[in-house]
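Colleague: only geometry, no sequence info:
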């Protein structure tokens, strides 16, 4: 499956693998949306990508995705470097269609080179608090970028309350 131009996942040789962290974004963190400049302007690269899930528009005015439990490769922690290392250890995940009523969710794969600087502000924005009450959970899933399946973190809400499903898989500015 090709969703656009070939992937440019190569990183700067000065970046060590454990400092690379990839994040799949599908809403207000995407280019052109209100949280992008503040939280993603320092990204090494941003590319079109997709994940399997269900996209919802929350009544609060922003989106959420639900991903199949069986596709979660890892759960986020309080340690950005440990999460970056875990991402590197996963290897190439399978990007197969899950059983059930799931759609391809369109978004962007954002690559950061300083997880300790870049991830905590986004975790706070998303209300992710490992071990505590969280609005969103940060989980690692397979992301398809061009023809390449790679592991990336994303934020999800299981069965979001007060939400309307977006069948197109593309969240657009309300």
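Modeller: Thanks, I have the structure now. Owing to the predicted nature of the structure, the values given are computational and were not obtained by experimental measurement.

Colleague: Not counting residues beside it along the chain, what's closest to the residue nearest to the spatial centre of the chain?
Modeller: Taking CA atoms, centre = their mean, the centroid of the chain lies closest to residue 24, which sits 2.3 Å from it. Among residues not flanking residue 24 along the chain, residue 154 sits closest, at 4.1 Å (CB to CB, 6 or more residues apart in numbering). Where you see a C-beta, it was placed from the backbone N, CA and C, and this is true even at glycine.

Colleague: Doesn't the one you found lie inside a strand?
Modeller: Yes: Residue 154: assigned to a strand according to DSSP: H, G, I helix; E, B strand; the rest coil.

Colleague: How many residues are close by it?
Modeller: 27 (other CB atoms under 10 Å).

Colleague: now the one 4 residues further on
Modeller: The local packing of residue 158 (other CB under 10 Å) involves 10 other residues.

Colleague: Okay, and the beta partners of the residue nearest to it when sequence neighbours are not counted?
Modeller: Of all residues not flanking residue 158 in the chain, residue 66 sits nearest, at 5.9 Å (CB to CB, 6+ apart). Counting by DSSP bridges, residue 66 forms beta bridges with residue 54.

Colleague: The residue nearest to residue 24 contacts residue 139, correct?
Modeller: Yes: using CB atoms under 8 Å, residue 154 is in contact with residue 139, at 6.5 Å.

Colleague: which residues are in contact with both of those two?
Modeller: Residues touching both residue 154 and residue 139 by CB atoms under 8 Å, 6 or more residues apart in numbering: residue 67.

Colleague: ok, back up a step: wait, the residue nearest to the centre of the chain touches residue 142, no?
Modeller: No: counting by CB under 8 Å, residue 24 does not reach residue 142; the two are 9.7 Å apart.

Colleague: and for those two, which residues touch both?
Modeller: residue 51.

Colleague: Run through the residues that contact the residue nearest to residue 158.
Modeller: The neighbours of residue 66, taking CB under 8 Å, 6+ apart as the test, are 53-54, 56, 156-160.

Colleague: Same question for residue 86.
Modeller: Shown in contact with residue 86 (CB under 8 Å, 6+ apart): 74, 140.
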